[in-house]
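Q: would you be able to build a 3D model of this:
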Amino acid sequence: MKFGIDRLLSEPELRKPLEGKRIALVAHPASVTADLTHSLDALIAVGVNVTAAFGPQHGLKGDKQDNMVETADEIDPHYGIPIFSLYGEVRRPTGQMMSSADVFLFDLQDLGCRIYTFVTTLLYLLEEAAKARKTVWVLDRPNPAGRPVEGTLLIPGHESFVGAAPMPMRHGLTMGEMGHWFIEHFDLDVDYRVIDMHHWLPEAGPGYGWPTDRIWINPSPNAANLNMARTYAGTVMLEGATLSEGRGTTRPLEVLFGAPDVDAKAVLATMHKLEPEWMTGCAIRDCWFEPTFHKHVGQLCNALMIHAEGPHYTHDLFRPWRLQALAFKAIRVLYPNYELWRGKDFKYEYTNDVLAIDVINGGPALREWVDDPAALPGDLDALASNDEASWIATVRDHLLY
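A: Numbering: from 1, shown residues only. As a prediction, this is how the structure comes out:
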């Protein structure tokens, strides 16, 4: 198969509309070709007139480890072009930034999750391109989580940099498809094109979204492998909890939780009692880690590790959002007074006076379900199932593959 960047490089006719134009590239470390050449180098090598580059959260180089660590603008030392940060002084491209090029090539590897900020970066780019009468091309890449959709829809009024629009946590689209939906949903008048992939089969094993003949490169520092990409739509919710998501270890965002004062085996047993169906499609084992930084640094934490890979993975049964919700519920049942949620003093992605867990989920429904002793798994399932069906119907016409 071929990703969008590989088609653009190997098919000269696709590049003809770029002739005589100034081109900007939105990229990060995973923006590479099939032979692992970075897209910036590859485009310049074939004669594309790249006049600027843009880096999203974590930077063009992917060197910013934690969340909410900003990147400064700079000049590329090799090519002498400006590299603008879209996670520094601004999140949205300024007029000056937009004046640096005529066509903007968006080549970011996504994880298929609403909270992964590259989705919002695409929306902001499309909105500013519409205002400035610029052109945007998405060089499409796989959604490594595949087509499954999961989670409640973001409630209008709860938009943030990790919640661009009313979509579920696990959206099931590629960035090229997402761009088409953004344009329809926000009624954008923008010159938009997708260089689609050839022969991407999102429902085919063993990759189920990620082609097994392509090397995985971290699109952000803690997106270390395919297992993380599959589990992320659930484990990212730990960023709104006091529990560790495994940052400061070699396998971040692949655990249901880690904490020095929680019995992982007891949590696992309680999850089985509450709703075993939500635990299918993967293997879960208890383990231990000691974070070298971040939450619970230097403390021995008991944890539950998720394995959504190999013989333990069943693509159409694995539901990471429900699985993570169930882990929260089990902890609440076992430890009713546990300080589970980060407080409003923690300004998650620059929000004010709102709990991080509600920012992450685009509303309070999941937290309220966890904290309500009378709420049953079926209650959350009904709420999410309705939203999931609505989303699938909404985006059906935008699917390219």
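Q: so where do the strands sit in the protein?
A: 23-26, 50-55, 74-75, 82-85, 103-106, 135-139, 191-195, 255-259, 283-289, 301-307 (DSSP state E).
Q: a markdown table for these, including distance to residue 347, mean pLDDT and mean neighbour count?
A: All C-beta spots, glycine's among them, are computed from the backbone N, C-alpha and C. Below are those laid out as a markdown table (distance: least, C-beta to C-beta, whole Å; pLDDT from 0 to 100; neighbours: other C-beta atoms under 10 Å):
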| stretch | distance to residue 347 | mean pLDDT | mean neighbour count |
| --- | --- | --- | --- |
| strand 23-26 | 26 | 98 | 26 |
| strand 50-55 | 23 | 97 | 23 |
| strand 74-75 | 26 | 93 | 12 |
| strand 82-85 | 20 | 96 | 21 |
| strand 103-106 | 28 | 98 | 26 |
| strand 135-139 | 31 | 98 | 24 |
| strand 191-195 | 33 | 98 | 18 |
| strand 255-259 | 22 | 98 | 27 |
| strand 283-289 | 27 | 98 | 16 |
| strand 301-307 | 25 | 98 | 22 |
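Q: can you redo the ones you listed as TSV with distance to residue 370?
A: What follows is the strands of the chain, written out as TSV (distance: least, C-beta to C-beta, whole Å):
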stretch	distance to residue 370
strand 23-26	36
strand 50-55	36
strand 74-75	43
strand 82-85	36
strand 103-106	36
strand 135-139	36
strand 191-195	38
strand 255-259	13
strand 283-289	18
strand 301-307	16
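Q: to residue 221, which of those lies closest?
A: Closest approach to residue 221 among those (C-beta to C-beta): strand 50-55, 13.2 Å.
Q: let me know how buried the nearest residue to residue 257 once chain neighbours are set aside is, in neighbour terms.
A: Ranked by C-beta to C-beta, 6 or more residues apart in numbering and with sequence neighbours excluded, the top spatial neighbour of residue 257 is residue 243, at 4.0 Å. Look at residue 243: counted by other C-beta atoms under 10 Å, it has 27 neighbours.
Q: contacts only, for residue 243.
A: Contact analysis of residue 243 by C-beta atoms under 8 Å, 6 or more residues apart in numbering lists 257, 258, 259, 262, 295, 331, 340.
Q: so what's the second one up against?
A: Contacts were defined as C-beta under 8 Å, 6+ apart; by that measure residue 258 touches 243, 244, 245, 246, 289, 291, 296, 301, 302, 303.
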